[in-house]
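# Build me a structure from this.
(4 chains)
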Amino acid sequence: MAVTLVFIGKLADLAGEGERQVPGPLHWADLPSLLDADLAAAVAGERTRVAVNGELLADKTALAAQDGDEVAFLPPVSGG
Amino acid sequence: MAVTLVFIGKLADLAGEGERQVPGPLHWADLPSLLDADLAAAVAGERTRVAVNGELLADKTALAAQDGDEVAFLPPVSGG
Amino acid sequence: MATTVMLLDAPFVPGRFVEPFTADHPGLGGVCTFVGEVRGDTGVEALELLHYAPLTLPGMEQLAAAAAERFDLMGLLVIHRVGVMQPGEPIVLVSACARHRRGAIDAVDYCMDHLKSNSWFWKREQRGDGWHWIEPRDQDHADLARWQV
Amino acid sequence: MATTVMLLDAPFVPGRFVEPFTADHPGLGGVCTFVGEVRGDTGVEALELLHYAPLTLPGMEQLAAAAAERFDLMGLLVIHRVGVMQPGEPIVLVSACARHRRGAIDAVDYCMDHLKSNSWFWKREQRGDGWHWIEPRDQDHADLARWQV
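As a prediction, the model looks like this:
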C-alpha cells in the first residue's frame, strides 16, 4: 500500500508519467522533496487544484493522505 | 375572368367555402353587398388583414382589385 | 451561407433532414436543432395547420434571411408541416450550423420564437367536441419581444 | 423526469441517441439538441480530451440534476466524448425534451455553457508543430456568467 499521485494534463507532461506511488502518510510539506522543482512549482501554482479520493480540497495545503489514498493534481480545466 | 376571394381559417367557416369568384372591379365599399353580414363583420374586424396577390394592404379599406386579382382575407395567425 | 426552407404536407423524420444538413457543412463547430411535435397530453386528437401559399413560404424565407444576417451561421434549415397531424408527429424543425455554439443556439431560439407567433399559419385542434381555432399563447408574444432590441 | 449522462471513448452518431431519446418521451412538445464537433478549419489535426473519472462523470451528473431542477423538462441527455478525436467527429451532445420549447432550448444552452467552461475536462490539440494544451476562451466564461442570477 502507498499513496497514489495522479497527474493530469500539463502536469503529467512535467512528471513524465500519469501516476506515481509514494509512501504514506503524505502532507503538503512533503511534496517539494518528492517532486522535481518544475513539477512542484506547477502543483503549488494558484490555479492547480488537489483532490483526495475524488474530493476537492478547499485548501490544498491541508493535504493529509494515508496509504491507499489517491491524490490528484488538477491543472485548470479546458472545458468540454 | 373575375376577382377571386380567398377566405382563411375561421373566415372560411363563416363563408362556407374557401374561395369565391366575384365580378371585378372590387372595392372595399362593395363587400357588404357581396358577403353575409357575419362574414362582412369579421372581414371588417380590426384583426383581419387583407392581401391582394400576396401583398398585404397597409390600409385594407383602400382595397381596389381588378379581374384576375386574388384577394385574401386573413384572420389573426395562430403561429406554427 | 445557405438557407433551406420547406413546407411539407406529409409526416417527416427529423433525422433524415438533420444528418445530411450537418454533413453538408464540414468544419462546423456545432449544430443546434429544435423539433416541435404535436402534444398529445391535453385531449387533442388531431391538429390541422393551414397556410396561404403567397404569404407563408415567402414569410419563412424572410425569417431565415433575417436570422442568417443576425447570427454568424454556416447553414440554416427551416421545415414546417402543414395539413392534418396526429399527436407525436413533428410539426416544425429548425436546425442551424455555426462555427461557435452561441450563434447556432440563438438562431434556433430566434427562428422558433418568430415561427410560433409571427408566421402565416392558422391552426385548429380537434378535441372530443370538435375542431377549435387556436391563437398564439401570451407566452409566445413575450418570447418574441425578447428580440426587439 | 430522467437524466442520462454518458462518457464515450469512441466515435458516436448523434441520431442513434436522439431518436430513441425522443421516442422515450411521448407527449413532448419539443426537443432541442446541440451537437458540438471538432472544428477542422484552423489547422487542428486531432484533439484529445482527458477526464479524471472520480470528478468528471459526477460533475456532469450534478450539472444534469441542476438543469432538471431549473427548467421544466421531461428528459435530459448529456453525452461527452473523451480520448483522441479527428476534425468532424462529434464531441458533445446535449438533448432536452420538454412540454414547451423554452425549457428545452434554455436547458441545452445552460448545459453547454457549463460543460464548455466549468467541467472536468482537459483538452489538447495536435497541430503541425505538435500538441498544445487548451484553456477556455474568454467568451466561454462570459457565457457562463449569464446564468449567475
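
# C:His80: what's it in contact with?
When contacts are counted by C-beta atoms under 8 Å, 6 or more residues apart in numbering or on different chains, C:His80 touches B:Gly80, C:Met6, C:Leu7, C:Leu8, C:Leu49, C:Met60, C:Ile91, C:Val92, C:Leu93, C:Leu115, C:Ser119, C:Phe121. All C-beta spots, glycine's among them, are computed from the backbone N, C-alpha and C.

# Would you confirm that the last one contacts B:Val77?
Yes: counting by C-beta atoms under 8 Å, a contact exists between C:Phe121 and B:Val77, whose distance comes to 6.0 Å.

# If any of the contacts of C:His80 are buried, put those into a PyMOL selection.
To isolate the buried members of the contacts of C:His80 in PyMOL, using 16 or more other C-beta atoms under 10 Å in any protein chain shown:
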select buried, (chain B and resi 80) or (chain C and resi 7+49+60+91+92+93+115+119+121)
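
# closest to chain D among the contacts of C:His80?
Chain D lies nearest to C:Val92 out of the contacts of C:His80, by C-beta to the nearest C-beta, at 8.4 Å.

# and C:Thr3, what helix or strand is that in?
Using DSSP states H and E, C:Thr3 sits in strand C:2-8.

# ok, that strand near chain B or not?
No: figure legend: strand C:2-8 not in contact with chain B (C-beta under 8 Å from any C-beta of the partner chain); closest approach 10.4 Å.

# and for that strand, what are the contacting residues?
Residues contacting strand C:2-8 (C-beta under 8 Å, 6+ apart): C:21, C:51, C:56-57, C:60-61, C:64-65, C:67-68, C:75-82.

# Which one of the residues in chain C is closest to chain A?
Closest approach between chain C and chain A, counting by C-beta to the nearest C-beta: C:Arg101, at 10.8 Å.

# quick one, what contacts that residue?
Listed by C-beta under 8 Å, 6+ apart, the contact set of C:Arg101 reads C:Gly29, C:Gly30, C:Cys32, D:Phe34, D:Gly36, D:Met112, D:Lys116.

# State the pLDDT value of it.
Looking at C:Arg101, its pLDDT is 94.

# do C:Gly40 as well
Listed pLDDT for C:Gly40 reads 74.

# thinking again about what came up before, what strands line up against the strand holding C:Thr3, and which way round?
strand C:75-81 (parallel) (DSSP bridges).

# Run through the residues of chain C sitting next to chain D.
Contacts of chain C with chain D, taken as C-beta under 8 Å from any C-beta, map to C:15, C:18-19, C:22, C:26-37, C:39-41, C:87-88, C:99-102, C:104-105, C:108-109, C:112, C:116, C:139, C:143.

# Just name the shakiest helix or strand of chain C by mean pLDDT.
Lowest by mean pLDDT, DSSP states H and E among the helices and strands of chain C is helix C:138-145, with a mean of 76.

# In chain A, which residue sits nearest chain C?
Here chain A gets closest to chain C at one residue, A:Gly80, 10.8 Å apart by C-beta to the nearest C-beta.

# any idea how far the residue in chain C sticking out farthest from the centre is from C:Val44?
No residue in chain C sits farther from the centre than C:Asp129, which is 28.5 Å out by C-alpha atoms, centre = their mean. Distance from C:Asp129 to C:Val44, counting by C-beta to C-beta, to the nearest Å: 12 Å.

# Quick one: mean pLDDT over stretch A:25-32.
What stretch A:25-32 shows for mean pLDDT is 96.

# Number of residues surrounding the nearest residue to C:Asn118 once chain neighbours are set aside?
Closest residue to C:Asn118 apart from its sequence neighbours, by C-beta to C-beta, 6 or more residues apart in numbering or on different chains: C:Leu144 at 6.0 Å. Counted with other C-beta atoms under 10 Å in any protein chain shown, the neighbours of C:Leu144 add up to 17.

# quick one: the helices in the chain?
Went with chain A since none was named. A:10-15, A:31-34, A:37-44 (DSSP state H).

# Sorry, I should have been clearer: chain C.
C:14-23, C:53-70, C:101-117, C:138-145.

# Return the most buried member of these.
Highest mean neighbour count among the helices of chain C (mean count of other C-beta atoms under 10 Å in any protein chain shown): helix C:101-117, with a mean of 24.

# tilt between that helix and strand C:75-81?
Here helix C:101-117 points in a direction 20 degrees away from that of strand C:75-81 (axes from the mean of the first three to the mean of the last three C-alpha atoms, to 10 degrees).

# re the thing from before, how far does the strand holding C:Thr3 sit from the chain's center?
10 Å (C-alpha atoms, centre = their mean, to the nearest Å).

# sorry, back to before: could you identify the pair within the contacts of C:Arg101 that is furthest apart?
Largest separation among these by C-beta to C-beta: C:Cys32 and D:Lys116, giving 13.8 Å.

# returning to what we had before: dump the contacts of C:His80 into JSON lines; add distance to A:Leu57 and pLDDT as well.
What follows is those, written out as JSON lines (distance: C-beta to C-beta, whole Å; pLDDT from 0 to 100):
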{"residue": "B:Gly80", "distance to A:Leu57": "52", "pLDDT": "74"}
{"residue": "C:Met6", "distance to A:Leu57": "55", "pLDDT": "97"}
{"residue": "C:Leu7", "distance to A:Leu57": "59", "pLDDT": "97"}
{"residue": "C:Leu8", "distance to A:Leu57": "57", "pLDDT": "98"}
{"residue": "C:Leu49", "distance to A:Leu57": "58", "pLDDT": "95"}
{"residue": "C:Met60", "distance to A:Leu57": "55", "pLDDT": "97"}
{"residue": "C:Ile91", "distance to A:Leu57": "51", "pLDDT": "96"}
{"residue": "C:Val92", "distance to A:Leu57": "49", "pLDDT": "97"}
{"residue": "C:Leu93", "distance to A:Leu57": "47", "pLDDT": "98"}
{"residue": "C:Leu115", "distance to A:Leu57": "50", "pLDDT": "94"}
{"residue": "C:Ser119", "distance to A:Leu57": "54", "pLDDT": "91"}
{"residue": "C:Phe121", "distance to A:Leu57": "57", "pLDDT": "95"}
